[in-house]
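[1] Fold the following.
(chains A and B)
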Amino acid sequence: EAGVTQFPSHSVIEKGQTVTLRCDPISGHDNLYWYRRVMGKEIKFLLHFVKESKQDESGMPNNRFLAERTGGTYSTLKVQPAELEDSGVYFCASSLGDRPWVYGYTFGSGTRLTVV
Amino acid sequence: AQKITQTQPGMFVQEKEAVTLDCTYDTSDQSYGLFWYKQPSSGEMIFLIYQGSYDEQNATEGRYSLNFQKARKSANLVISASQLGDSAMYFCAMIGPTSGTYKYIFGTGTRLKVLA
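    Numbers count the residues shown, from 1 in each chain, chains lettered A, B, ... in the order given. Next comes the predicted model:
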């Protein structure tokens, strides 16, 4: 089966521009998660979808970030307008259920975002 | 608050030797799970091993074992017989009811380099 696919793999944008990251989860995985790693720091949770519904978006940094999952399939994460501190690697993961010790999460390879 | 601490930013090990990657955690939850992930240069996060807080035996998966010392709140990863392909970033992570059983708390990672 295909894994979790993220694109683009790299994006370099100027401060103030808009960027949209996309995540295609494993087919049939209702749960989708976004995480972010800022350089040298820990990987932090951003939000959790179950199908098209946001279950938890407590980790979203501010209202410049908008995540969607229309139709419960792929998800997008838009940053508008981008700031320098948004640079980092954005990971997406998906799972059948929301208990990783039972279902396991599959992560994508991440999108490396650089804001200059 | 839940926290994962990985104090080794980088480690070197000679091929075929064993290496221990340190992880300590802080939580007030009685029930929690501890995970290790590997991130090779290709970027994807690969699940290695899981330890539940109530598991009496240390978890093992092939060449990976988790040295779980509950009283010390440590969950060190031991890789036996290191191979060149083990060179990667390694992340320790925790799940618990306080943060949400679907939400990983990650450490900052340890970069392991295996020397030929």
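[2] only C-alpha atoms for contact and neighbour calcs from this point on.
    Will do.
[3] did I read that right, residue A:71 in a helix?
    Yes - membership of residue A:71 in a helix is supported by DSSP: H, G, I helix; E, B strand; the rest coil.
[4] For it, which residues are in contact?
    A:51, A:52 (Cα atoms under 8 Å, 6 or more residues apart in numbering or on different chains).
[5] mind checking pLDDT for it?
    Residue A:71 carries a pLDDT value of 88.
[6] and it, how far is that from chain B?
    21 Å (Cα to the nearest Cα, to the nearest Å).
[7] Okay, now the unreliable bits of chain A?
    By pLDDT under 70, the weakly predicted segments of chain A are A:1.
[8] I'd say residue A:33 and residue A:46 touch.
    Yes - counting by Cα atoms under 8 Å, residue A:33 touches residue A:46, with 7.4 Å between them.
[9] tell me which element the residue most central in space within chain A falls in.
    Geometric centre of chain A, nearest residue: residue A:34, 3.2 Å, by Cα atoms, centre = their mean. Here residue A:34, judged by DSSP states H and E, is contained in strand A:31-37.
[10] who does the helix or strand following that strand pair up with?
    The C-terminal neighbour of strand A:31-37 among helices and strands, as given by DSSP H and E, is strand A:43-50. The strands that strand A:43-50 pairs with in its sheet are strand A:31-37 (antiparallel), strand A:53-56 (antiparallel) (by DSSP bridges).
[11] ranking those by burial, who's on top?
    Of all these, strand A:31-37 has the most neighbours on average by mean count of other Cα atoms under 10 Å in any protein chain shown, namely a mean of 25.
[12] contacts for the strand holding residue A:34?
    By Cα under 8 Å, 6+ apart, strand A:31-37 touches A:25, A:43-51, A:88-98.
[13] Repeat that for stretch B:59-74.
    In contact with stretch B:59-74 (Cα under 8 Å, 6+ apart) are residues B:22-26, B:48-51, B:53, B:58, B:75-81.
[14] Can I get the lowest-mean-pLDDT helix or strand in chain B as PDB, trimmed to CA atoms?
    Ranked by mean pLDDT, DSSP states H and E, the weakest helix or strand in chain B is strand B:100-106, scoring a mean of 88. Only the C-alpha atoms of strand B:100-106 are listed here, as PDB (Å, rounded to 0.1, in the frame of the first residue of the first chain):
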ATOM      1  CA  GLY B 100      -4.200  13.300  24.700                       C
ATOM      2  CA  THR B 101      -3.800   9.700  23.900                       C
ATOM      3  CA  TYR B 102      -3.500  10.500  20.200                       C
ATOM      4  CA  LYS B 103      -0.900  13.300  20.600                       C
ATOM      5  CA  TYR B 104       2.800  12.600  20.700                       C
ATOM      6  CA  ILE B 105       5.100  14.600  22.900                       C
ATOM      7  CA  PHE B 106       8.500  14.400  21.200                       C
END
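[15] how distant is the strand holding residue A:34 from the center of its chain?
    4 Å (Cα atoms, centre = their mean, to the nearest Å).
[16] Next, the angle strand B:100-106 makes with it.
    Angle between the axes of strand A:31-37 and strand B:100-106 is 20 degrees (criterion: axes from the mean of the first three to the mean of the last three Cα atoms, to 10 degrees).
[17] For strand A:31-37, list the C-alpha coordinates in PDB.
    Only the C-alpha atoms of strand A:31-37 are listed here, as PDB (Å, rounded to 0.1, in the frame of the first residue of the first chain):
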ATOM      1  CA  ASN A  31      -7.200  10.000  11.500                       C
ATOM      2  CA  LEU A  32      -4.800  12.500  10.200                       C
ATOM      3  CA  TYR A  33      -2.300  14.600  12.200                       C
ATOM      4  CA  TRP A  34       0.000  17.500  11.500                       C
ATOM      5  CA  TYR A  35       3.200  18.100  13.400                       C
ATOM      6  CA  ARG A  36       6.000  20.600  13.000                       C
ATOM      7  CA  ARG A  37       9.700  20.600  13.900                       C
END
